[in-house]
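**Student:** following is a predicted model, sequence given first.
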Amino acid sequence: GNSVTQMEGPVTLSEEAFLTINCTYTATGYPSLFWYVQYPGEGLQLLLKATKADDKGSNKGFEATYRKETTSFHLEKGSVQVSDSAVYFCALKFNDKIIFGKGTRLHILP
Amino acid sequence: NAGVTQTPKFRVLKTGQSMTLLCAQDMNHEYMYWYRQDPGMGLRLIHYSVGEGTTAKGEVPDGYNVSRLKKQNFLLGLESAAPSQTSVYFCASSYSTSYEQYFGPGTRLTVT
């Protein structure tokens, strides 16, 4: 079946550090891939998405590339800020359903 | 636009009690969803609706019922609450499956 696996947290980094959060997926077809972000006390917000192989999604300095050969969609940011502290969810959409990973909590220290 | 709103924000129930969670959206979206979020489990789909008057089961539907009598509202009911239903519940809506889902702020439910 379809599933998403992302690195377990929490991930703690200093401000201006480079961020990578790994995400791999298993899918029977050609899903769309997403990263959602959840700030404390709020619902999820779409951060970026990619709908086909080799697409790169980007937003707010974050990037992720749809890699079909490695079934991955790793989230990266070159220089994180304290305001990036949140929980990040990788997700895939296939047919009508979105399947979420378990989430990775990110702490950024000033 | 208020987006997606949920009421109540917090609730404590005793085992066996019933309650209804209300989700409302003002974006004229066809699709609406109820998820639960538990530590280490991510979000799991409970029920969803593809339009007014329709509902369908998601991944974890047992113990819950839903209704979509009006396009803008999606109700989640617990007929007899159990401690296993302690969770944070999120409602979401989307224009279609091809568009992003917009999430409400969540309802934190504790069943004692």
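**Tutor:** Good, I have the coordinates. Residues are numbered from 1 along each chain as shown, chains lettered A, B, ... in the order given.

**Student:** need the residues of chain A near chain B, please.
**Tutor:** Contact residues, chain A versus chain B (C-beta under 8 Å from any C-beta of the partner chain): A:34, A:41-46, A:49, A:89, A:93, A:95-98, A:100-103. (Glycine included, C-beta is placed from N, CA and C.)

**Student:** from those residues, which ones fall inside strands?
**Tutor:** If you go by DSSP state E, these have A:Phe34, A:Leu44, A:Gln45, A:Leu46, A:Lys49, A:Phe89, A:Lys93, A:Lys97, A:Ile98, A:Phe100 in strands.

**Student:** for the residues you listed, work out which two are farthest apart.
**Tutor:** With C-beta to C-beta as the measure, no two of these lie farther apart than A:Gln45 and A:Lys97, at 19.3 Å.

**Student:** now whichever residue of chain B sits closest to chain A: closest residue in space, sequence neighbours ignored.
**Tutor:** Nearest residue of chain B to chain A: B:Phe103, at 3.2 Å (C-beta to the nearest C-beta). Distances taken as C-beta to C-beta, 6 or more residues apart in numbering or on different chains place A:Gly43 nearest to B:Phe103, at 3.2 Å, with adjacent residues excluded.

**Student:** in chain A, what residue is nearest chain B?
**Tutor:** Using C-beta to the nearest C-beta, the single residue of chain A nearest to chain B is A:Gly43, 3.2 Å away.
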